[in-house]
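In: I'll drop the sequence and a predicted model, then ask my questions.
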Amino acid sequence: METSFQVIVVGGGFAGVAAVKELGRKGVKVLLIDQHNYHQFQPLLYQVATAQIGVSEVTRTFRGLFQRYRSATVLTAKVASVDVAAHTVTTDQGDTFHADILVLAAGAEANYFNTPGAQENAYPLYSVTDAVRLGNAMVHTLDAAQRDSGGGGVHIVVVGGGPTGVETAGAIAENFKYVIPKYFSPELAANSSVHLVDMVPSVLTPFSDKSKAYATKRLQEAGVVLKMGSGVTDVRQDGVTFADGTSLPAQIIVWAGGLKAGAVVAASGLEQGRGGRIDVNPDLTAPGAPGVYVLGDAANMTDAHGVKLPQLGSCAQQAGKWAARNIHADLTGGTRAPFAYVDKGYMAMIGRGAAVAELGPKRIQMQGPLAFLAWLGVHVVLLSGNRQRISALVSWADDYLTHSRSHVVLGNPD
Ligand SMILES: Cc1cc2nc3c(=O)[nH]c(=O)nc-3n(C[C@H](O)[C@H](O)[C@H](O)COP(=O)(O)OP(=O)(O)OC[C@H]3O[C@@H](n4cnc5c(N)ncnc54)[C@H](O)[C@@H]3O)c2cc1C
């Protein structure tokens, strides 16, 4: 395999894929390196963990994604280090590749904020592997609880009341309400619980008060017990302790408590800002490292007015496409332009017929069934691949009408 390229992109998430597609369209010789041979759609990982949809609906192979771009090459390998001065990338197998321009789009990983026991005992939810691990843990714990004639139920604590925590807790509560009685037993479901906990006073911090109130009400109606306003200080195999001295027993603790830049960026030597991310220039280049771009969850990006952008799929995707155009300008003697983000707003799913959405820069608010439909529409469009879209739609319809889970096989985690 060749070892020199015009561009190397590290990481094939939303940002990396968008960058490679745009570079491929322009005929730029680009190498994408990812530790997996597939792109994963993070926003639906909680649905994989709760067996609403299957792994194949949230993944698509890079070779399939880029088959029409003759100038794009894919390498499945874990990047061990990058040299931002020499423009080289070295894999954990010891292979080194060089490019005129490097793009670091290796995403984020769970930030446990040094909470004792969290890394060892909690389940993060940032990859397909994480989702399969969590799903298997839930199935095995339910199996064990059913075997136990004690019937103590399964107790789950979700740490972090942001969109990921809300969606995960809502989906688990729905399983306890509709699925576990059917596939296990009504008694097991009745004795089980899901808590959503956070140190901040309310769920969905970035959303409006109206959306927060709606989400709180719907979560509670679905059976989620909320404990807000006290941080988790200790995570054990059998539960969590809070700063206010109280504790909750749990067999499973899900960590949706925060993100930090992934190890590749942390080890790059680039100066790190909030969340370990790189405070990139307005044109998405890394300060002090000519020919290096940092994108998506690995970067602190700003819009055209200097406002910090959140860690969202739409920000990463738009940044990938924008960076590719700037790279093309670099390679052809053009001028780079500052990233002009088109704000599409936020949304979060709570459960059956219940979601919140705040759309566009004006934050047009929707709650309830309309937001639920908007959420479905946006996620179908964002999913990569028509097969994946159709299959997800069939799974959602089946779930909505029958609560069937029998077609979803989780497989075993890595
Ligand atoms: C559970 C969950 C739910 C979410 N829900 C939403 C939502 O509803 N809407 C929304 O807009 N956003 C949502 N997000 C956020 C969104 O998914 C991220 O902002 C987006 O994925 C960031 O894209 P990225 O390309 O920067 O990184 P990622 O998508 O994380 O991609 C990073 C890639 O880098 C690869 N990589 C990492 N390290 C290495 C290495 N050492 N070597 C090789 N490859 C490596 C990974 O395999 C991965 O493919 C959610 C995120 C999560 C985790």
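Out: Looks like it came in fine. Everything numeric here is computed off the predicted structure, so don't read it as measured data. Residues are numbered from 1 along each chain as shown.
In: list the contacts for the closest residue to the ligand within the stretch 51-200 of the chain?
Out: Proximity to the ligand, evaluated over the stretch 51-200 of the chain using Cβ to the nearest ligand atom, is greatest for residue 107 at 2.4 Å. In short, each C-beta sits where N, CA and C put it, glycine included. For residue 107, the contacting residues are 11, 13, 15, 126, 262, 296, 297, 298, by Cβ atoms under 8 Å, 6 or more residues apart in numbering.
In: and the residue of the stretch 251-400 of the chain at minimum distance from the ligand, how far from residue 19?
Out: Using Cβ to the nearest ligand atom, the closest approach of the stretch 251-400 of the chain to the ligand is made by residue 296 at 2.1 Å. For residue 296, the distance to residue 19 equals 9 Å [Cβ to Cβ, to the nearest Å].
In: okay, and the common contacts of these two?
Out: With Cβ under 8 Å, 6+ apart as the test, residue 296 and residue 19 both reach 105, 320.
In: which strands border the helix or strand that residue 241 is a member of, and is each parallel or antiparallel?
Out: Using DSSP states H and E, residue 241 sits within strand 239-242. Applying DSSP bridges to the sheet, strand 239-242 is found paired with strand 232-236 (antiparallel), strand 247-249 (antiparallel).
In: could you tell me how far the shortest one lies from the centre of the chain?
Out: Relative to its parent chain, strand 247-249 has a centroid offset of 27 Å by Cα atoms, centre = their mean, to the nearest Å.
In: got the CA coordinates for whichever helix or strand comes after that strand in PDB?
Out: Next in sequence after strand 247-249, counting helices and strands by DSSP H and E, comes strand 252-255. The C-alpha coordinates for strand 252-255 follow below in PDB (Å, rounded to 0.1, in the frame of the first residue of the first chain):
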ATOM      1  CA  ILE A 252     -26.100  -1.600  36.000                       C
ATOM      2  CA  ILE A 253     -24.800   1.900  35.800                       C
ATOM      3  CA  VAL A 254     -24.800   3.700  32.500                       C
ATOM      4  CA  TRP A 255     -22.400   6.600  32.100                       C
END
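In: OK, contacts around the closest residue to residue 20 other than its chain neighbours?
Out: Of all residues not flanking residue 20 in the chain, residue 32 sits nearest, at 5.0 Å (Cβ to Cβ, 6 or more residues apart in numbering). Residue 32 is in contact with 8, 9, 12, 16, 20, 62, 66, 72, 73, 74, 75, counting by Cβ under 8 Å, 6+ apart.
In: tell me which of those residues fall in strands.
Out: Among the contacts of residue 32, DSSP state E puts 8, 9, 72, 73, 74, 75 in strands.
In: is it possible to mark the buried ones in the residues you listed?
Out: Those of these that meet the buried threshold are 8, 9, 72, 73, 74, 75, by 16 or more other Cβ atoms under 10 Å.
In: once you drop chain neighbours, what's closest to the last one?
Out: The spatially closest residue to residue 75, leaving aside those adjacent along the chain, is residue 33, at 4.8 Å (Cβ to Cβ, 6+ apart).
In: got it, and the fourth one?
Out: Taking Cβ to Cβ, 6+ apart as the measure, residue 73 lies nearest to residue 31, with 4.9 Å between them; neighbours along the chain are not counted.
In: so what sits opposite that neighbour in the bridge?
Out: On the basis of DSSP bridges, residue 31 is bridged to residue 8, residue 73.
In: likewise residue 225?
Out: Bridge pairing for residue 225 (DSSP bridges) gives the partners residue 195.
In: let's have the chain start at 113 instead
Out: Sounds good: first residue 113 from here, last item residue 337.
In: that older thread, report the rounded mean pLDDT for the strand holding residue 353.
Out: Here strand 351-354 scores 98 as its mean pLDDT.
In: which bits of the stretch 163-312 of the chain sit near the ligand?
Out: Within the stretch 163-312 of the chain, the residues that sit near the ligand (Cβ under 6 Å from any ligand atom) are 190, 191, 217, 218, 219, 220, 237, 238, 275, 276.
In: if we go to 5 Å?
Out: Contact residues (Cβ under 5 Å from any ligand atom) of the stretch 163-312 of the chain with the ligand: 190, 191, 217, 218, 219, 237, 238, 276.
In: so how far is residue 215 from the second one?
Out: Between residue 191 and residue 215 the distance, using Cβ to Cβ, works out to 12 Å.
In: can you check the first one too?
Out: Taking Cβ to Cβ as the criterion, residue 190 is separated from residue 215 by 17 Å.
In: more neighbours: which of the two?
Out: Just comparing residue 190 and residue 215: by other Cβ atoms under 10 Å the higher neighbour count belongs to residue 215, 30 against 13.
In: quick one, phi/psi of that one?
Out: Per-residue torsions, residue 215: phi -120, psi 120 (degrees, to the nearest 10).
In: you'd agree it is up against residue 119?
Out: Yes: contact criterion Cβ atoms under 8 Å: residue 215 and residue 119 qualify, at 6.4 Å.
In: who touches both of these two?
Out: residue 439.
In: what about the strands in the stretch 263-412 of the chain?
Out: Using DSSP state E, counting those that start in this stretch, the strands found in the stretch 263-412 of the chain span residues 267-271, 305-310, 336-340, 344-348, 351-354, 359-361, 364-367, 371-373, 390-391, 404-406, 411-412.
In: okay if I get these as CSV plus mean neighbour count?
Out: Converted to CSV, the strands of the stretch 263-412 of the chain look like this (neighbours: other Cβ atoms under 10 Å):
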stretch, mean neighbour count
strand 267-271, 26
strand 305-310, 24
strand 336-340, 18
strand 344-348, 20
strand 351-354, 19
strand 359-361, 15
strand 364-367, 25
strand 371-373, 23
strand 390-391, 22
strand 404-406, 28
strand 411-412, 24
